[in-house]
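>>> coords below, sequence missing:
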């Protein structure tokens with residue numbers, strides 16, 4: 001079976017979040033199942049060296065954003081189809097925003113071009129390959145199923161995956177003509193959303209199957225609280241909606257071989273965590289002699305992640321004997337709050353504003369627990385990294401967090417199956433309550449280590465999820 005994936009990010013080439021990790025890991029996980037994946041991706045500046053050594057396989061003079069060619073190249077075990085359109089993608093800044101932090105004002109043309117190029121390759125195929133299924137990821141690829149809905153033409157089946165429903169790609173309706181969209185599609189049952197065109201809604205309306213990245217999130221987005229205004233179209237298409245958990249790259253995230261760690265370790269010997277903790281303390285100015293648990297945060301600093309509530313809970317964390325290491329950036333007021341916490345609680349709170357991939361591995365390797373109090377979380381990956389490294393997740397009871405962490409209630413502790421702590425209310429009080437339970441178990445010593453080993457024994461790779469995607473592709477091809 002051949003699958004064309006259409007995405008705006010793919011690790012390790014370009015990454016702003018978990019979408020990139022999924023797009024980078026899933027093709028390799030599907031290959032042993034007999035599924036050949038080619039991944040359609042914009043040729044951003046960082047990918048131009050790959051373009052230079054690739055082979056042109058398609059050329060289009062009339063994409064919504066102008067001319068573009070598609071270059072095929074093998075890299076990092078992935079077959080990439082790079083859309084080389086310098087007027088759209090060869091620019092400084094991020095994949096979606098310029099250096100000032102604002103969205104590029106032509107994002108609708110940029111990602112409509114990606115979607116249309118993918119659709120045209122799907123219609124015509126390449127010299128040696130044609131997809132059976134087209135798998136579009138998030139709003140940036142949302143128009144792909146739309147462009148494929150051409151009456152009377154044989155087309156591949158389409159799957160649309162929601163990684164975060166909060167990002168929807170909304171644009172003025174007059175843009176539709178230059179994007180090559182039919183006016184009769186601009187309806188409440190189609191791509192129309194409160195008078196605008198929504199790329200994500202378009203994908204949800206026209207794809208053959210819809211997935212999201214955890215079973216709980218698939219249920220949550222049917223409600224107004226989590227559906228972000230798209231619960232109507234999702235309820236109307238509920239019969240084709242499913243949730244498949246993300247996995248992680250267990251080679252890249254392996255505490256026994258991770259080069260970012262000062263000392264590797266595994267579930268049979270956790271002593272290496274202490275050496276890694278010492279290095280964290282040295283880098284962040286934390287007291288290395290402190291005996292209480294070290295909690296970490298590795299996150300965008302936003303209210304969605306519940307970090308405003310966590311900032312309010314820091315005094316409680318410190319007063320009860322904890323330390324906190326923070327890695328992330330985001331809302332200026334939250335960056336300020338965590339910087340000030342580090343000044344107020346010197347030696348007990350350390351903050352690194354920004355992002356460093358190696359340091360994120362070290363934090364997982366040396367911390368006792370990772371805090372993820374998200375108000376909503378489609379799947380989440382940092383809790384999976386925490387499980388892999390015996391860094392017990394303390395997570396909100398939502399989305400993929402609830403699906404992947406077994407709460408340390410009395411029954412789970414007795415059975416030896418607990419792997420973390422669930423937060424019932426995302427507030428300073430709710431987080432403090434979960435911290436109190438973590439402090440209590442940590443003080444018991446043996447219970448904490450049993451939880452660490454249970455966490456490290458969890459299946460967090462892609463094998464199970466890849467089989468679920470393979471089954472989905474097979475099902476949609478029989479319809």
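Thanks, I have the structure now. These numbers come from a predicted model, not from an experiment.
>>> what comes up buried for the lowest-mean-pLDDT helix or strand in the chain?
Least confident element among the helices and strands of the chain, by mean pLDDT, DSSP states H and E: helix 175-178 (a mean of 87). The neighbour-count check on helix 175-178 (16 or more other Cβ atoms under 10 Å) flags 175-176 as buried. Yep, even glycine has a C-beta here, placed from its N, CA and C like the rest.
>>> With stretch 122-135 instead?
For stretch 122-135, the neighbour count (16+ other Cβ under 10 Å) marks 122, 126, 131-135 as buried.
>>> cool, and stretch 21-37?
Neighbour-count burial for stretch 21-37, counted by 16+ other Cβ under 10 Å, picks out 21-30, 35, 37.
>>> Any chance of JSON lines for these, columns pLDDT?
Conversion of the buried residues of stretch 21-37 to JSON lines gives the following (pLDDT from 0 to 100):
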{"residue": "21", "pLDDT": "90"}
{"residue": "22", "pLDDT": "93"}
{"residue": "23", "pLDDT": "95"}
{"residue": "24", "pLDDT": "94"}
{"residue": "25", "pLDDT": "92"}
{"residue": "26", "pLDDT": "95"}
{"residue": "27", "pLDDT": "96"}
{"residue": "28", "pLDDT": "94"}
{"residue": "29", "pLDDT": "95"}
{"residue": "30", "pLDDT": "97"}
{"residue": "35", "pLDDT": "98"}
{"residue": "37", "pLDDT": "98"}
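>>> quick revisit: outside of the least confident helix or strand of the chain itself, list whatever touches it.
With contacts defined as Cβ atoms under 8 Å, 6 or more residues apart in numbering, helix 175-178 is touched by 64, 108-109, 183, 186, 197.
>>> Let me know the next secondary structure element after it.
Where DSSP states H and E defines the elements, the next helix or strand beyond helix 175-178 is strand 192-193.
>>> For that next one, report the contacting residues that lie outside it.
Here strand 192-193 makes contact (Cβ under 8 Å, 6+ apart) with 168, 170, 173, 186, 198, 201, 229-230.
>>> Out of these, which end up buried?
Among the contacts of strand 192-193, those classed as buried by 16+ other Cβ under 10 Å are 168, 170, 186, 198, 201, 230.
>>> Assess the claim that the fourth one and residue 169 are in contact.
Just to be clear, that refers to residue 198. Yes: assessed by Cβ atoms under 8 Å, residue 198 is found in contact with residue 169 at 6.3 Å.
>>> any residues in contact with both of the two?
Common neighbours of residue 198 and residue 169 (criterion: Cβ under 8 Å, 6+ apart): 139, 142.
>>> Just the helices from the stretch 251-400 of the chain, written as ranges.
Using DSSP state H, counting those that start in this stretch, the helices of the stretch 251-400 of the chain run over 272-284, 307-319, 332-344, 357-366, 382-388, 399-404.
>>> which one of those helices is the most hemmed in?
Comparing the helices of the stretch 251-400 of the chain by mean neighbour count (mean count of other Cβ atoms under 10 Å), helix 382-388 ranks first with a mean of 26.
>>> if I pick the closest residue to residue 461 other than its chain neighbours, what's in contact with it?
In this structure, residue 461 finds its nearest non-sequential neighbour in residue 250, 4.3 Å apart by Cβ to Cβ, 6 or more residues apart in numbering. For residue 250, the contacting residues are 388, 460-461, by Cβ under 8 Å, 6+ apart.
>>> can you count the residues close to residue 200?
Residues lying near residue 200 (other Cβ atoms under 10 Å) number 28.
>>> Hmm, it is touching residue 162, no?
Yes: the pair residue 200 and residue 162 passes the contact test of Cβ under 8 Å, sitting 7.3 Å apart.
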